[in-house]
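Novice: Okay, sequence plus prediction incoming.
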Amino acid sequence: MKKSEKQENSSLKISHQIRVRFSEVDSLNIVWHGHYVKYFEEGREAFGRAFELTYLDAKTHGYATPIVKTVLEHQLPLRYGEVATVETTYLNSRAAKLMFAYRITNEKGQTVCTGETTQVFTNFDTSDMALNLPEFYKSWKEKHALLHD
């Protein structure tokens, strides 16, 4: 992130529980590393439902929100049958993008994985990237007192 793009943590945060399924573990009975990206997506979708900013909301306004950056840091494994909590926090930015931070914890409250994703707004039909805040997103930010001066 460039210095000119001021990033701020916001109070928009949600926790969502997931249960590790058999199909998500490897022969060592631990979650395969690639599934954590899916857990981040589950957290984003829970956030979108809670704060009225879903993928379908963006599509209704003519936008897609593809992910352009994913960062993951693994600390502990999850195992089959465990219930984990995905904490998803919206990171505010002046740019026309969506940024989220994630923290996945196990049943003991230990941090298993942390990470961030960045999504941009693209025109749903042409795939052209939006350089300015789409109007629906600007209104959403105003509603949540997140618009920068």
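Specialist: It's in. The structure presented is a predicted model; accordingly, all values stated were derived computationally and were not measured.

Novice: what ranges do the helices span in the chain?
Specialist: If DSSP state H is used as the criterion, the helices of the chain fall at 35-51, 55-60, 135-143.

Novice: Let's have those helices in a markdown table, adding mean neighbour count.
Specialist: Backbone N, C-alpha and C define where each C-beta goes, glycine included. As requested, the helices of the chain are exported to a markdown table (neighbours: other Cβ atoms under 10 Å):
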| stretch | mean neighbour count |
| --- | --- |
| helix 35-51 | 18 |
| helix 55-60 | 14 |
| helix 135-143 | 15 |
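
Novice: is it possible to export the ones you listed to CSV including mean pLDDT and distance to residue 110?
Specialist: Rendered in CSV, the data for these read as follows (pLDDT from 0 to 100; distance: least, Cβ to Cβ, whole Å):
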stretch, mean pLDDT, distance to residue 110
helix 35-51, 97, 15
helix 55-60, 95, 31
helix 135-143, 96, 34
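
Novice: Could you dump these into JSON lines with distance to residue 75 added?
Specialist: JSON lines is the format used below for the helices of the chain (distance: least, Cβ to Cβ, whole Å):
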{"stretch": "helix 35-51", "distance to residue 75": "11"}
{"stretch": "helix 55-60", "distance to residue 75": "29"}
{"stretch": "helix 135-143", "distance to residue 75": "32"}
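
Novice: and residue 86, which of those is closest to it?
Specialist: Evaluated with Cβ to Cβ, the helices of the chain place helix 35-51 nearest to residue 86, the distance being 3.9 Å.

Novice: Right, I'll leave it there.
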